[in-house]
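> Quick one, what's the 3D model for this:
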Amino acid sequence: MKLSRRCFLSLTIGGAVGTALTPLPWKLTDDLSIWSQNWPWTPVPPDGEYSYVNSTCTLCPGHCGIRVRKVNDRAVKIEGQDNATLNQGGGLCPLGMSGLQLLYGPTRVPGPLKRSGERGEGRWEAITWPQAIEEVASRLADIRSQGKPQTVACLSPADVGTVPKLLQRLMTAYGSPNYFRMPSVQDAYESVLSLNQGTNGFAGLDVENADFILSFGSALLEGYGTPVRMIQAVSRLKEKNGTLVQVEQRLSNTAAKADIWLSPKPGSEADLALAMAYALIHQGRYHQEFAARHIEGFESFAAMVKERYAPQAVAAISGVDADVIVRTALAFANARRPLAIYGKGKGETPGSLKEALAVHALNALVGNINREGGVLAMSPYDYLNWPEVPSDEAAAAGLQTQRLDGAGSKDYPHVRYLVNRLTDRLLTSPGELQALLVAEANPCHSLPDSARVREAFGTIPFIVSFSSFMDETALLADLILPNHVYLERYEDVPVLAGTTRPTIGLCQPVVAPVLDTRHVGDTIIQIARALEGPVAQAFPWADYESCLQEALGDQWDAISDQGYWAAEAAPAPWENGFNTASGKFVLMNAALEAIYLTDVPMPAGDEGGFPWLLVPYDSIRLNSRYAGDPPFMMKILPDTVLKGQDGFVELNPETAARIGLREGQTAQLSTPVGLAKVRVHLDDGVMPGILSMPRGLGHTAHGPFLAGKGVDINELIAPVEDPASGLDAVWGIRAKLTEA
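As a prediction, this is how the structure comes out:
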C-alpha cells in the first residue's frame with residue numbers, strides 16, 4: 001500500500017496527539033526534572049536560620065521598599081515590602097528582584113585601585129585605603145594651593161540626601177561651584193514649577209486619584225517615576241473605568257494599554273499640547289474660577305494659542321487630525337480629575353522646556369493644580385540642619401567664579417544643572433577642569449554622544465570614581481575608591497520621582513561588605529579631614545553613620561525598623577499656593593512668551609543624507625543607569641531586542657520595504673555621530689519613517705554578561721541644546737539604514 005504525504009502527516013500528528021494524551025510524556029518530564037535538579041555538581045545554598053531585613057532599593061529613582069531574606073549571613077532573596085509607601089502590596093520590578101546578582105556578581109570592584117596603564121586599558125594596581133585617601137587629598141590640596149579650587153568638580157545621580165549633600169558640602173568648603181547632578185525630567189519640572197508657580201520643590205503626580213491620564217511619552221508601564229506605583233496606578237485607572245491617553249510614536253506597552261493612542265510626528269508634542277489648550281479655551285471648557293481668580297496672563301496666553309496653535313494648523317505639523325486633537329482635549333476637560341504628565345520614557349532626559357510648560361498649562365487650564373488627582377507642588381526635603389560651611393580666602397574666591405556648565409547664569413537662569421554642556425566646554429577649553437569626582441553615575445555610557453563624552457573626559461587630568469562596578473566611566477578613572485553596594489550600607493534616599501507623599505527610604509546593611517569596599521560617605525569625610533583647615537572643619541562627624549543618625553534625629557529608630565519614613569502632604573490651597581509676585585499661577589508673561597514662541601530644537605542631520613528618524617525607547621527589562629543589567633535581566637529580553645550579541649532596530653514593514661530589508665536581516669545603521677551593525681525587526685507598531693532602539697545595551701564594561709551585547713544608542717545620538725533652557729532636549733536623530 002502506498003503511503004501518501006497526507007496519510008503520513010495524519011499518522012504522525014495522530015500519533016503525537018495520542019502520545020500526548022497518555023501519562024507517558026508527563027512521567028518522563030517529571031523524571032527528567034527530578035534528575036536534572038539532583039546533579040552532584042549543582043550548587044545548593046546551605047540551609048540555616050532564616051531572617052529578614054527591611055531596606056530600600058536604590059537602582060532607580062523610585063526607591064521602592066524591599067525586604068531581604070537571609071539564610072544565616074547570606075542574602076538569598078529580595079522582595080517588595082507589603083506596607084511600603086511607593087510599592088504597596090510588595091510589588092517589585094525585575095531589576096529590584098535581581099539585586100543580589102549585583103551584590104555577589106563578578107563585575108564589582110574588589111577594592112581601591114590605581115590606574116597602571118593607559119586610560120581605558122583596564123590595567124590596575126591594588127592599593128590600600130590609606131594610600132587612596134592620601135593620593136586624592138594630595139592632588140586636591142595641590143590644585144587648591146595654586147588658587148584653582150573651581151577647577152575641581154563632582155558628579156552624582158541626585159542632589160538630595162546625606163551622601164549628595166556631603167559631596168556638595170565638600171565642593172563648597174573646598175571652593176568650587178561645580179557640583180553637578182545627572183540629567184533627568186526633574187530638571188524640566190523644577191524649571192516649570194519655578195516659572196509657573198514660584199516654588200523650588202518637585203512635582204508630585206497624583207496618579208492614584210486621577211481618572212484621566214494624558215501622558216506625553218511617559219513610559220508609565222516601563223519604569224517612569226516609581227515603576228511599581230505607576231503600574232498599579234494604571235491598573236486601578238482601568239478598574240475604575242478611567243481613561244489613559246498615550247502620546248508616542250511607538251506602540252509601547254503603555255500605548256498598547258491606552259484607551260487612546262496618539263502618534264504625532266516626533267518633535268511636535270509641544271505644539272500638540274498647545275493645540276489642545278486652544279481647544280479648551282475656544283470651546284470654553286477651561287476651569288472658569290481658577291482662570292479668573294488664580295491665573296496671571298490668561299488672556300495673553302489665549303491670544304497666543306489662537307494665533308499660532310489652532311488645531312488645523314497643528315494637524316499639518318503633527319500628523320494628528322484636528323478633530324482628534326479637539327476630541328481628546330474635550331475628553332480631558334470632561335474628566336473629574338484629569339492629569340497631564342510630561343517626560344519621555346523613564347524620564348532620564350530633561351527634554352524641551354517649551355513642551356514641559358505646554359503640558360503643565362493643560363493641568364492649569366482644567367484647574368488641577370494642587371488638587372487631588374492633579375499636579376502638586378511638593379516642598380523640598382529640609383531635614384538636614386547642618387552647621388554653616390566654614391570658608392577661607394581660597395574658597396570664597398573659587399565660589400565667585402561661574403559654573404563650568406553656565407547653569408544659573410543670565411543666559412540660563414531657569415536651571416541649576418546643565419551637564420549636557422560640559423562636553424563642549426571641556427573639548428573647547430581644556431584645562432578648565434583639573435579633577436572630577438564621580439559617585440554612582442556612568443556618564444560615559446548614559447549621556448548622548450557617549451564617544452564624545454569619553455573624549456572630553458580624556459582632557460581631565462585626574463578622575464576619581466566611587467563606583468561599586470567596573471563601568472565605562474570607572475574604566476577611564478585614575479583612581480577607583482569603590483562604594484559599598486546598597487545592600488551593604490546605610491543611606492537615606494529621599495524620593496522625588498513624582499511622589500505625592502514625602503518619603504525617605506533607608507538603605508541599611510543586609511550583609512557585611514563582601515569585598516574591600518568603603519562607604520562613599522566615610523571616604524568623603526576622610527578626604528576632607530586629610531585636606532585640613534576649613535575643609536576638615538566642615539566635616540565634624542566621626543563617620544558617615546553618626547552623620548546619618550544626627551540627620552534623621554528622632555526618626556532614626558522608626559525608620560531603621562521599617563526601612564522608610566513617610567509623611568502626609570496637604571497640597572497648598574489656591575489662595576496661597578503660588579509664590580509668584582502676583583500670588584497667582586503665571587500662565588504667561590514676557591519670559592514665558594519668549595519660550596512659547598521658540599521652535600523645539602530638531603535633531604542633528606539632514607534629511608537628504610539621513611532620511612529616517614532614530615528614536616530611543618525605554619524598557620523595564622533594561623537598566624540604562626549606572627549599575628547596568630544583572631544577568632537575570634538579560635535573560636528576560638525577547639530575541640527581537642537582543643539575540644546572541646546582536647541588537648535589533650525596530651521599523652515599520654512599510655519603511656523596511658522602501659529600504660529593501662527583511663526580518664532578521666543584518667544592516668548598517670548610521671547617524672551624523674556614529675554607526676553600528678544591527679539586525680532588523682519589523683513591527684507594525686512603529687510609525688513609518690521611524691527607527692526605534694532601546695536604551696541600556698551596548699556596554700563596553702561590566703563584564704562578560706553585559707559587555708558587547710547589542711548597541712549603545714547613546715553612541716548614535718547627539719545632544720540638542722534647548723534654546724529656552726540650555727537643557728538637553730534630545731529625542732532622537734536623523735539616521736540612515738542600509739544593507740550590511
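> Go through stretch 454-473 and flag the buried ones.
454, 456-457, 459-460, 462-473 (16 or more other C-beta atoms under 10 Å). All C-beta atoms are positioned from the backbone trio N, CA, C, and that covers glycine.
> Please flag which of these sit within strands.
Under the assignment DSSP state E, the buried residues of stretch 454-473 contribute 462-465 to strands.
> Compile the residues you listed into JSON lines and extend it with columns for distance to Gln168.
Below are those laid out as JSON lines (distance: C-beta to C-beta, whole Å):
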{"residue": "Phe462", "distance to Gln168": "20"}
{"residue": "Ile463", "distance to Gln168": "19"}
{"residue": "Val464", "distance to Gln168": "16"}
{"residue": "Ser465", "distance to Gln168": "18"}
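> show me what contacts Ala310?
275, 278 (C-beta atoms under 8 Å, 6 or more residues apart in numbering).
> Distance check, it against Glu721.
Distance of Ala310 to Glu721, given as C-beta to C-beta, to the nearest Å: 29 Å.
> what do you get for Gly498?
Distance from Gly498 to Glu721, by C-beta to C-beta: 26 Å.
> higher neighbour count, those two?
In this view Gly498 and Glu721 are compared by other C-beta atoms under 10 Å, and Gly498 has more residues nearby, 30 against 17.
> rewinding a little: list just the nearest of the ones in strands among the buried residues of stretch 454-473 to Arg169.
Val464 (16.8 Å; C-beta to C-beta).
> residues touching that closest one, list them.
Val464 touches 136, 435-438, 477-481, counting by C-beta under 8 Å, 6+ apart.
> cutoff 10 Å now
Val464 makes contact with 132, 135-136, 139-140, 154, 435-439, 474, 477-481, 523, 527, according to C-beta atoms under 10 Å, 6 or more residues apart in numbering.
> Could you do Arg621 as well?
93-95, 222-223, 629, 633-638, 641-642, 694, 696 are the contacts of Arg621 under C-beta under 10 Å, 6+ apart.
> Now go through the residues you listed and say which are in strands.
642, 694.
> which of the contacts of Arg621 has the most neighbours?
Neighbour max across the contacts of Arg621 (other C-beta under 10 Å) = Gly223, 28 neighbours.
> so that residue sits right up against Asn623, yeah?
Yes. If you go by C-beta atoms under 10 Å, Gly223 and Asn623 touch, sitting 8.7 Å apart.
> shared neighbours, the two?
60, 93, 95, 346.
> Pretty sure the third one sits against Glu222.
So that's Leu95. No. Leu95 sits out of contact with Glu222 when judged by C-beta under 10 Å, with a separation of 11.7 Å.
> Going along the chain, name the helices of the stretch 551-700 of the chain.
556-562, 590-596, 631-635, 653-659 (DSSP state H, counting those that start in this stretch).
> I'd like these laid out as a markdown table, including mean pLDDT.
Output for those, formatted as a markdown table (pLDDT from 0 to 100):
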| stretch | mean pLDDT |
| --- | --- |
| helix 556-562 | 85 |
| helix 590-596 | 95 |
| helix 631-635 | 92 |
| helix 653-659 | 98 |
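> now these in CSV, with distance to Glu248?
What follows is the helices of the stretch 551-700 of the chain, written out as CSV (distance: least, C-beta to C-beta, whole Å):
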stretch, distance to Glu248
helix 556-562, 37
helix 590-596, 23
helix 631-635, 23
helix 653-659, 17
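> Asp271 is nearest to which of the ones you listed?
Among those, if distance is taken as C-beta to C-beta, the winner is helix 590-596, at 10.3 Å.
> who's in contact with the closest one?
Contacts for helix 590-596 (C-beta under 10 Å, 6+ apart): 191, 195-196, 270, 274, 296-297, 300-301, 304-305, 308-309, 352-354, 356-358, 361, 413-414, 586, 588, 722-725.
> again, 8 Å this time
Residues outside helix 590-596 that contact it (C-beta under 8 Å, 6+ apart): 195-196, 274, 297, 300, 304, 353-354, 357-358, 586, 588, 724.
> Ile78 - that's part of a helix, no?
No. Read with DSSP: H, G, I helix; E, B strand; the rest coil, Ile78 is strand and lies in no helix.
> Return every residue with contacts to both of Leu95 and Glu222.
With C-beta under 8 Å, 6+ apart as the test, Leu95 and Glu222 both reach Ile620.
> which ones are touching Leu552?
Per C-beta under 8 Å, 6+ apart, neighbours of Leu552: 383, 492, 504, 506, 559, 565.
> Tyr486 too?
By C-beta under 8 Å, 6+ apart, the neighbours of Tyr486 are 55-59, 99, 507.
> tell me which of these is nearest to His702?
With C-beta to C-beta as the yardstick, the closest approach to His702 among those comes from Leu59, at 13.9 Å.
> Next, find the distance separating that closest one from Glu532.
37 Å.
> For the two, indicate the residue with more neighbours.
Leu59 (20 against 11).
> For the residue lying closest to the more buried one once chain neighbours are set aside, report the pLDDT, please.
Nearest residue to Leu59, sequence neighbours excluded (C-beta to C-beta, 6 or more residues apart in numbering): Leu95, at 5.3 Å. With respect to pLDDT, Leu95 has a value of 95.
> and if you look at Trp26?
Note for Trp26: predicted pLDDT of 47.
> Likewise for the one 3 residues further on?
At Thr29, the model reports a pLDDT of 52.
> The contacts of Tyr486: which two are farthest apart?
Top of the distance list for the contacts of Tyr486 (C-beta to C-beta): Ser55 and Leu59, 12.0 Å.
> what sits opposite Ile213 in the beta ladder?
Leu244, Leu339 (DSSP bridges).
> how far away is it from Ile260?
Distance from Ile213 to Ile260, by C-beta to C-beta: 11 Å.
> Between these two, tell me which one has more neighbours.
More crowded of Ile213 and Ile260, by other C-beta under 10 Å: Ile213, with 29 against 15.
> Isn't that one up against Lys240?
No. With contacts counted by C-beta atoms under 8 Å, Ile213 stays clear of Lys240, the gap being 11.9 Å.
> Number of residues surrounding Ser218?
30.
> Need the pLDDT of it.
pLDDT, Ser218: 98.
> Tell me how far it lies from Tyr617.
In terms of C-beta to C-beta, Ser218 sits 12 Å off from Tyr617.
> any shared contact partners between these two?
Counting by C-beta under 8 Å, 6+ apart, the residues touching both Ser218 and Tyr617 are Gly345.
> Just confirm Pro540 contacts Val389, I think it does.
No. Applying C-beta under 8 Å as the test, Pro540 and Val389 come out as separate, 11.3 Å apart.
> out of those two, which sits in the busier spot?
Val389 (19 against 12).
> and that one, what are its phi and psi?
Torsion angles at Val389 (phi, psi; degrees, to the nearest 10) stand at phi -70, psi 120.
> Identify the residues contacting it.
Applying C-beta under 8 Å, 6+ apart, the residues near Val389 are 169, 172-173, 538.
> Report the separation between it and Gly175.
10 Å.
> pretty sure Leu487 contacts Pro513?
No. Counting by C-beta under 8 Å, Leu487 does not reach Pro513; the two are 9.8 Å apart.
> Comparing the two, which shows the higher neighbour count?
Higher neighbour count among Leu487 and Pro513: Leu487, with 25 against 15, using other C-beta under 10 Å.
> Doesn't the more buried one belong to a helix?
Yes. With three-state DSSP as the criterion, Leu487 is located in a helix.
> re earlier: so what's in contact with Ile213 and Ile260 at the same time?
Common neighbours of Ile213 and Ile260 (C-beta under 8 Å, 6+ apart) are 243-245.
> Would you reformat the residues you listed as a markdown table and include pLDDT, neighbour count and distance to Met378?
Below are these laid out as a markdown table (pLDDT from 0 to 100; neighbours: other C-beta atoms under 10 Å; distance: C-beta to C-beta, whole Å):
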| residue | pLDDT | neighbour count | distance to Met378 |
| --- | --- | --- | --- |
| Thr243 | 98 | 20 | 25 |
| Leu244 | 98 | 22 | 23 |
| Val245 | 99 | 20 | 25 |
